[in-house]
Every structure is written in structure tokens, then in C-alpha cells.
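**Student:** build me a model:
(chains A and B)
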There are 2 protein chains.
Amino acid sequence: MFRLRLFIFLLVILLSISSNSQTDEKVIREIYTQSLTNGKSYDWLNHLSNQIGGRLSGSLNAEKAVKYTKEELDKLGLDKVWLQPVMVPKWVRGAKEFAYIETAPGKTTPVNICALGGAVATQALGLKANLVEVKNFEELASLGKDKIEGKIVFYNRPMQPHIISAFEAYGGCVNQRYSGAFEAAKYGAVGVIVRSMNLRLDNLPHTGSMTYGNLPINKRIPSAAISTNDAELLSSMLKLDKSIKFYFKQNCKQLKDVLSYNVVGEITGSEFPNEYIIVGGHLDSWDLGDGSHDDGAGVVQSMDVLRLLKASGIKPKRSIRVVLFMNEENGLRGGNKYAEVAKQKGENHVFALESDAGGFTPRGFSFDCNDASFNQVLSWKPLFKPYLIHYFERGASGADVGPLKNKTNVLAGLRPDSQRYFDHHHAANDTFEHVNKRELELGAATMTALVYLFDKYGVNPISNNKRIKK
Amino acid sequence: MFRLRLFIFLLVILLSISSNSQTDEKVIREIYTQSLTNGKSYDWLNHLSNQIGGRLSGSLNAEKAVKYTKEELDKLGLDKVWLQPVMVPKWVRGAKEFAYIETAPGKTTPVNICALGGAVATQALGLKANLVEVKNFEELASLGKDKIEGKIVFYNRPMQPHIISAFEAYGGCVNQRYSGAFEAAKYGAVGVIVRSMNLRLDNLPHTGSMTYGNLPINKRIPSAAISTNDAELLSSMLKLDKSIKFYFKQNCKQLKDVLSYNVVGEITGSEFPNEYIIVGGHLDSWDLGDGSHDDGAGVVQSMDVLRLLKASGIKPKRSIRVVLFMNEENGLRGGNKYAEVAKQKGENHVFALESDAGGFTPRGFSFDCNDASFNQVLSWKPLFKPYLIHYFERGASGADVGPLKNKTNVLAGLRPDSQRYFDHHHAANDTFEHVNKRELELGAATMTALVYLFDKYGVNPISNNKRIKK
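**Tutor:** Numbering: from 1, shown residues only, chains lettered A, B, ... in the order given. You can find the predicted model right below:
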């Protein structure tokens, strides 16, 4: 008798697992079909990129993007859509930068530079000085004040091509851009030129954020990125003649903080409304291109997650929010503000997913979570195989969702193919025509599928029964 | 004592497996590093695309490509490099095609078309007729001679966007292009217009091969591809008014077969020189673009496989050949010739790998082989994980290596990301700037790694010991 009961018990469990996974297969197939045949992400991106354009925090375009995305979310019939106020830094580039290499008085070769985000301007007449080329901060320190004072430091450590993940290669170089001026100023440098974070050789300078740390205002030195082709040129010219000079003029300025917004939309959960799942990207972008990959793609994919859930007939148990964060690029004020308000309100954020790695073919996700949750995720891997989604690894999630981290929740980042990303990142060619519609839509579907699974099964499935229903 | 012996025996096996796989890990890491830091594929492709251009069989450019690739292989210090003669068809496009939709006499809308490869020309003054739009051959048959005679058949079945593999979506539509004229001619159609095989909406017509089957010459009707945007336009205009006319003029011609060549290079095996492993792509391309993705990429990757083996310090046990096939696009004469000669000479081709799916980020391979060989391949899968190579499935290999198929050998095709491929396939935008250097190099490395493993372990590892050494 006991055996029969056990048999029946196990049979019921098995059938429920198998019917669950059949249902999941069907639902996920429907999500992908909806995204690939009736997706909205590409149209939204077209507007964001081509009707609005680059959206630097505090700019008129950033305001327009807030207004546009709010209006579009309003049309989706969500349960709530609102703006979350946040003060953001406002840095402006001013007139286009200008630079040249001077081999002798009157003999100059123009090069392509752009000011780094947060940098100070040169004096109105520009800055001209000799150069010291270094590969890293250790080399800088070993040269010391004697060799550096009064000079422009030229950081020229390239992204390493043998590294498979372009993001990892970026991680190995970006301290030159972020802290290069701060480090060089210690030794009396008068300016900083940084090789662009780009695996390709081309003529486009790539901007990005930098810091002066605790340097007083009068110690801050202008810093700019130079295109990879021009970095190669400059380096080879320096090898021939160390006495050549570099001239640059930039006109950027840090203004007072201004009021901006995160844009938030919500489908309120039917069973566990106090458990929040969020998907997001950042609404701000750099100003040189139109911010299509960074992070227009993440914004429109995140918006489409909520629309795709509805279009696929899914009624979430938990509250699902799309959050379009303001000011990821040069301050992270939006991400911090969202987490701060969530904490104040005691909102339990069980899962947060960010798309901020470009609109390329999705390969999977990286997860910042505990072992139990990661094992739960791995059990879903077969459901993604038909969509060639294979990458499920532990790792960083995303800058904006990072502040939501706690011991039990799951943070994740969409991981698209990374190979082309730094060809466009923070440069004038981060533009709409470099986003492929299908790749973007596959990303939106992949995100939606993961949100569906976390919504259905919860983040700590064992304690599901103990949860307070509404 | 027996136990001790067994223990030692197992220990030796374990150590050998583990040291083998450690060595394999190192060798494969070296192959990727070589390709990503000192790869030649991108430079070769630059020449093939930008100095030579589109390489239709029998054209001057195809001749130039034979000469160039032979010369480049000669520089690699291989054991042998030679040209394998093969007669190929020569079809020429002639003056650019011209087409419009006529809604009333004198009221015309120009549209973008191109003749399909192998098609006949229109009469010198062009062809004007009413249209019948169909989605497939069943619909064509149901309309019958009554409704079709004297008209232009417009095939307008789009590639299905919900299908994840773009190649599978292509497979579901390409019979319209290949057999459309043959089928329509049966019912007295005077011409054929086919929606381009393109998942994207744009203005570019995509050419490709077509057949008249056993139709006598006087029954052959002109057939052309129309851009997806123009197909949509034409279809919506037809919905409003079935009496609109379509005019097109094309000037293409099938000439006599001409002599051309497969280009072959070989590293002769040190232990099993009579076992051949080949890697290849096709040297010919369509004429509208420069054939960078189809199949310049496969050509230069295959060439680089042999160079990368040498650069990585690998001395192959088996004979490794690169074969650059002529005339894949409109005849497959090169692939057939190579297999025919191999058979004549009794060459044992144990493994053949083709790259003919674009120069995009590699995802893996599809294999046409028996169970034992497929299991062998699956045992190597972990070695590819660091390179995000995850796709190891059974399926078609490649058109050129197909004729080498036998019961024991392994045929394989490189499977790159497919999402962007049909944006460019056979169209004027299949050009160099759409190939990413790193993606191309990752493909070359991935192919080299698989060749290295098949060379090292053989295709039927159990019978390794029975092989005749030289």
C-alpha cells in the first residue's frame, strides 16, 4: 500500500514536471514568435536613435527620451507607469575638439580626438606640450615627476585581441581612460591622451567616463581619447622623435546637476504583488553617436519584455517592472536612486535583469546570485537550446541593477555576442544602422523567456508556499 | 598483484587522457591566439574583395582570384600547391536590369530587380505583361493555365521570421527562386519575378541560381529577383488593381563552358600521408557584391587553417589540404571534379570541412557522419567552451564537400551566427566592410582547432593502430 502511494506520488510529480516543461516550451516558443514577427523593439529604437539621437544626461535629448518612452509605455496598458525623479550631472562637450601632432614649427598632422566625459576643457587657446607614452600606471610611476612634469601623458595600452570576450579585453584597459588623468596629474602632467577602447584600427575616437578622484579643481588636467589609428601613428612618430609636440583644444564643461527621471512601468503581480522582478537598460547615452547599441537596444528590449509577456498571454504572478535608468554613463544616479527608493519602500526585488551589452545576437546571461538560484537557472538551460542560447555563467550583472544586490535575490545581465561591440561603443558610429532587427528581437525574446521562468517558479522555489499571497 | 597492475594501468590511462586534454587545451589556445593576433584571413579577404571583387565562374575576376590565392598559398611553404582544372559554366549578366510597375499607360514606378543566375534575357525591348501573385507551387497549379498563360508569375512567399536559423528560413523559400521559372513555364507564363531571399525589408535584389530543368530552349522564360521592399509594394498595388502591368528588361546570357580551376594546397602527413583531411570554401561568388561573406570568408579562413597549423607548431600526422572550389554558386563543378579525381586516385578522405555560411561569429559545426564519429566529436566539446563554440549538431555539411561522402568519413560545415547572413547573401551589399575582422579570425581558429583534433586522433580512433604508416 505504501509502495503504491509512493508510486502514485512520484508519478504525479513526474507528470507535473513534464507537463510544466511542455508548457514552458510552448510559452517560450510563443514569446520568440511574437518578438520576431510582431516585435516593437526595432521601431522604438528607430525613434530613439533617429528622431531623438544621443541622450547625454541632462541634455534636451535625454528629456525627449524620457517623454517618448513614458508615452510609449503608457500605450501598453500596463498597471502603472511613472517617472522617478533623480538629480543628474550635466556635462557638455561644447564645440568639437581639435588636435594635431607637431613635428616642427608649422609642420602638423591632424588627429581625431574627443574629450572624455567629465573632463575639463583646455585653456581657450588649447594646450601644446611634449608627450610621454606609457602602457600602464606602473610605467607612469617608474618614470616619476622628473620625466612627466609639464608633459602630456599618452596612454597607449591596446585592448588585447587574443581575449575572446571583448568585455574582458575592455576591462583590462579601461583604467587608463577612467583614472588616467587622476594618476598622471600626481606627477605634474598637463594633459592626458588615451588610446580609444576599440579592438579595431579606425579613425573614430571613443569617449567614456573618467574621474579626477579627490583632485582639487585647479589640479584637474584635460583628458581626451584618440582614435586607434591615430594612437598607432602617434606612437610610431614618438619612436622616431621624442621631441614632437601634441596640441589639443577641447571645450567641455561640467554644469550644475539638473533634474531628470528614471522611467518605470509595471504589471502588478496576481499572486505575489510584493515580489518585484525588473528588467532594464539605461536611457542616457554618450553624445557622439545616437546610442543605439549603448544602450538604446537595452531600453527597447526591456520595454518589449512587458509587451511580449502580455502579447504571449502571460499573466505574471509577481510584479514585473521595466526600469529605464537615467545616467548610467556618467554617474549611475538613476540606478542608485531606484535602489534607494526600493529600500525605503521595503520592496522585495527578487530578480533584476539588465541589458547593457549591445543589441547583438544574444548568447545567454551572466548571473550574480547564490548557488541554489544558479542551479535553478541551469535547470532551465534546455528550454533555451532551440534559440541557440547557451551561455549561463556566473558573473557581473549590470551597473544599474547592481545596487539592488542582496543575499537572496538574483541579478543578471543579458550577454549578446561581444565581438563587434567595441567597434561602436561610445563612438560616432554607435548608430541605428549597426543594429540588426532580428538580433535585437532575439535579445528581447530571450530576456522575456527568463523573466517568464523567474515569475512562474520564483527565486526561492522551496519557500514559495510560505509566501503571503495578496 | 593483479590489483596493483590494474591500478597502474588505469592510472596511466587517466594521466594520458588528462595530459592529452591539457595539451589539447594549450594547442587550441595557441591556435586562437595566433589567429586573433597574427591572422592573415582579413588581409587576404581585403585583397580578394577590394582588389579583385565579385568572382562569377568563368569571369576575369575568377581567373584573378585563382592566380592570387595560388600565389598566396605558394608563399606559405606548404608541401604542394597546385591548380586542378575544371570546366565551368559561364553566365554573364550584361547591362544592368531595368524594371517598373505600370499602373496606367505612362504611369510607372521603377523597382529594383536583378536577373537570376542562369536565366535567359528578355527580348531586346523588354517584357511587359500582367501579373499573377502566388505563394507556392500548389497555388500556381491550382490557378492553372487559364489564369497564368501570357502572364508574369510573381512568387512572393517571404522567409519566415519566427524560424531561428536563417538558413532554415531560406530553405523554406528558395524553391521559388530555383524552380520558379521551370514550374511557371509549364502553365504558359512569360516571365517570373521572385521575392528576394532576404529576411530584411530593403531595396536590394538578391540573385542566385535557378534551373530550367528539361525545358527546351524556346520554352525558357526570363526570371528575376525583386527587392523585398519592391515585392511588398508590388503585392499591395496588385491588391488594389489586378490589371497593373510589370515591365522588365534583362540582358544576361549563358555562354560556352570555359576552363577554370580549383586551387589546392597540401601539408603532407607525417604518419598517415594517405589519409586526407580537407578544409575549403568556394572561390567563385555572385557578381553583384564582392562576395566577402559568400564565400570570400570561407576561402581565406580555409587558407589560414593550414598557415595556423604551421604557426602553432603543429606537424600534422595526416595530409591536410586546403581546397578552394570553383563554381559552387552555379554548377558545383569544382566540388564534383575534386571528388571525382579523389576517387580516381583512391585518396582516402577521412574528414572534410567547409566554411560557406558567412564570416560571422562562429557558433560551432554541423556534422554529416556516423554515430561513432559524432560521439568522438561530442567528447571534444569541452575544449571549445572557452571560445563560446557550443553548436555541435548533426546536419548538412557543405555543397562542395558533399560529393566526398562515404560510410566512414566525416563531413562538416562551420556554423557561424546566421542572423545577418541573408541581409547580404547574393546582393550588392555582400562587401568587405560587413565582415568583422575578429569574427572572421575566430572562425578560422575554430576550424583549425577541429582539424587539429581530427588529425591527432583520427576519424576511426579504434582502428588507428591498424593503419599503414608510411
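
**Student:** who are the contact partners of the residue nearest in space to the middle of chain A?
**Tutor:** The structure's chain A has its C-alpha centroid closest to A:D356; by Cα atoms, centre = their mean the separation is 3.3 Å. When contacts are counted by Cβ atoms under 8 Å, 6 or more residues apart in numbering or on different chains, A:D356 touches A:G281, A:H282, A:D294, A:D295, A:G298, A:E328, A:G398, A:A399, A:D400, A:G413, A:L414. Just so you know, the C-beta spots here come from the backbone N, C-alpha and C atoms, and that holds for glycine as well.

**Student:** backbone dihedrals for it, please?
**Tutor:** Dihedral pair for A:D356: phi -150, psi 50, per degrees, to the nearest 10.

**Student:** roughly how far does it sit from A:G364?
**Tutor:** As for A:D356, its distance to A:G364 is 15 Å (criterion: Cβ to Cβ, to the nearest Å).

**Student:** helix or strand with the lowest mean pLDDT in chain A?
**Tutor:** Ranked by mean pLDDT, DSSP states H and E, the weakest helix or strand in chain A is helix A:2-38, scoring a mean of 80.

**Student:** for whichever residue of the stretch 251-400 of chain A sits closest to chain B, which non-adjacent residue is spatially closest?
**Tutor:** Nearest residue of the stretch 251-400 of chain A to chain B, counting by Cβ to the nearest Cβ: A:H390, 4.1 Å away. Nearest residue to A:H390 in three dimensions, chain neighbours excluded: B:H390, at 4.1 Å (Cβ to Cβ, 6 or more residues apart in numbering or on different chains).

**Student:** check A:L411 too.
**Tutor:** Closest residue in space to A:L411, ignoring its immediate chain neighbours: A:S397 at 3.6 Å, by Cβ to Cβ, 6+ apart.

**Student:** the one you found - how many residues pack around it?
**Tutor:** Neighbour count of A:S397, defined by other Cβ atoms under 10 Å in any protein chain shown: 23.

**Student:** from A:K80, how far out is it?
**Tutor:** To A:K80, A:S397 is 24 Å away according to Cβ to Cβ.

**Student:** likewise for A:I320?
**Tutor:** For A:I320, the distance to A:K80 (Cβ to Cβ) stands at 11 Å.

**Student:** and for those two, which residues touch both?
**Tutor:** Counting by Cβ under 8 Å, 6+ apart, the common neighbours of A:I320 and A:K80 are A:E266.

**Student:** between these two, which one's more packed in?
**Tutor:** It is A:I320, of A:I320 and A:K80, that has more neighbours when counted by other Cβ under 10 Å, with 29 against 12.

**Student:** so the more buried one makes contact with A:Y452?
**Tutor:** No - under the criterion of Cβ atoms under 8 Å, A:I320 makes no contact with A:Y452, lying 9.5 Å away.

**Student:** quick check: bridge partners of A:L259?
**Tutor:** Beta-bridge partners for A:L259, by DSSP bridges, are A:M87.

**Student:** quick revisit: I'd like to know which of the contacts of A:D356 is nearest to B:V435.
**Tutor:** Lowest distance from B:V435 to the contacts of A:D356 (Cβ to Cβ) belongs to A:D294, with 22.4 Å.

**Student:** number of residues surrounding the closest one?
**Tutor:** So A:D294, with other Cβ under 10 Å, has 26 neighbours.

**Student:** tell me the pLDDT of it.
**Tutor:** Reported pLDDT at A:D294 in the predicted model: 98.

**Student:** how about the helices of chain A, start to end?
**Tutor:** Counting by DSSP state H, one finds helices in chain A at the ranges A:2-38, A:41-46, A:60-74, A:137-148, A:166-171, A:174-185, A:228-240, A:297-311, A:333-344, A:371-379, A:381-384, A:421-424, A:437-457.

**Student:** export those helices to a markdown table and append columns for distance to B:K385.
**Tutor:** Output for these, formatted as a markdown table (distance: least, Cβ to Cβ, whole Å):
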| stretch | distance to B:K385 |
| --- | --- |
| helix A:2-38 | 24 |
| helix A:41-46 | 30 |
| helix A:60-74 | 38 |
| helix A:137-148 | 33 |
| helix A:166-171 | 15 |
| helix A:174-185 | 26 |
| helix A:228-240 | 30 |
| helix A:297-311 | 26 |
| helix A:333-344 | 32 |
| helix A:371-379 | 15 |
| helix A:381-384 | 14 |
| helix A:421-424 | 21 |
| helix A:437-457 | 20 |
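
**Student:** export these to TSV and tack on mean neighbour count and distance to chain B?
**Tutor:** Formatted as TSV, the helices of chain A follow (neighbours: other Cβ atoms under 10 Å in any protein chain shown; distance: least, Cβ to the nearest Cβ, whole Å):
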stretch	mean neighbour count	distance to chain B
helix A:2-38	14	4
helix A:41-46	20	11
helix A:60-74	18	22
helix A:137-148	14	22
helix A:166-171	19	8
helix A:174-185	22	18
helix A:228-240	17	12
helix A:297-311	28	13
helix A:333-344	19	28
helix A:371-379	15	14
helix A:381-384	16	11
helix A:421-424	22	7
helix A:437-457	26	5
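
**Student:** just give me the lowest mean pLDDT stretch among those.
**Tutor:** helix A:2-38 (a mean of 80).

**Student:** quick revisit: against A:E30, how distant is the residue of the stretch 251-400 of chain A closest to chain B?
**Tutor:** 21 Å.

**Student:** so which residues on the stretch 101-250 of chain A come close to chain B?
**Tutor:** Within reach of chain B by Cβ under 8 Å from any Cβ of the partner chain, the stretch 101-250 of chain A has these residues: A:P161, A:H162, A:I164, A:A166, A:L199, A:R200.

**Student:** closest point of the stretch 201-350 of chain A to chain B, which residue?
**Tutor:** Nearest residue of the stretch 201-350 of chain A to chain B: A:L201, at 9.0 Å (Cβ to the nearest Cβ).

**Student:** for that residue, phi and psi?
**Tutor:** phi -90, psi 120.

**Student:** quick one, what contacts it?
**Tutor:** Residues in contact with A:L201, defined by Cβ under 8 Å, 6+ apart, are A:T228, A:N229, A:E232.

**Student:** just for the stretch 201-350 of chain A, where's the confidence low?
**Tutor:** Scanning the stretch 201-350 of chain A for pLDDT under 70 picks out nothing.

**Student:** can you give me the strands for it?
**Tutor:** For the stretch 201-350 of chain A, the strands defined by DSSP state E, counting those that start in this stretch occupy A:223-226, A:245-249, A:253-267, A:272-282, A:318-325, A:348-354.

**Student:** show me which residues of stretch A:109-121 are buried.
**Tutor:** The neighbour-count check on stretch A:109-121 (16 or more other Cβ atoms under 10 Å in any protein chain shown) flags A:V111, A:N112, A:I113, A:C114, A:A115, A:L116, A:G117, A:G118, A:A119, A:V120, A:A121 as buried.

**Student:** neighbours of the residue nearest to A:T69 when sequence neighbours are not counted, just the number please.
**Tutor:** Distances taken as Cβ to Cβ, 6+ apart place A:V263 nearest to A:T69, at 5.0 Å, with adjacent residues excluded. A:V263 is flanked by 27 other residues according to other Cβ under 10 Å.

**Student:** thought A:V263 was touching A:Y68?
**Tutor:** No - assessed by Cβ under 8 Å, A:V263 is found out of contact with A:Y68, at 9.3 Å.

**Student:** A:E63 - nearest residue in space that isn't next to it in sequence?
**Tutor:** The shortest distance from A:E63 to any non-neighbouring residue, by Cβ to Cβ, 6+ apart, is to A:S260 (7.3 Å).

**Student:** stretch A:67-77: how far from the chain's middle?
**Tutor:** Stretch A:67-77 sits 22 Å away from the centroid of its parent chain (Cα atoms, centre = their mean, to the nearest Å).
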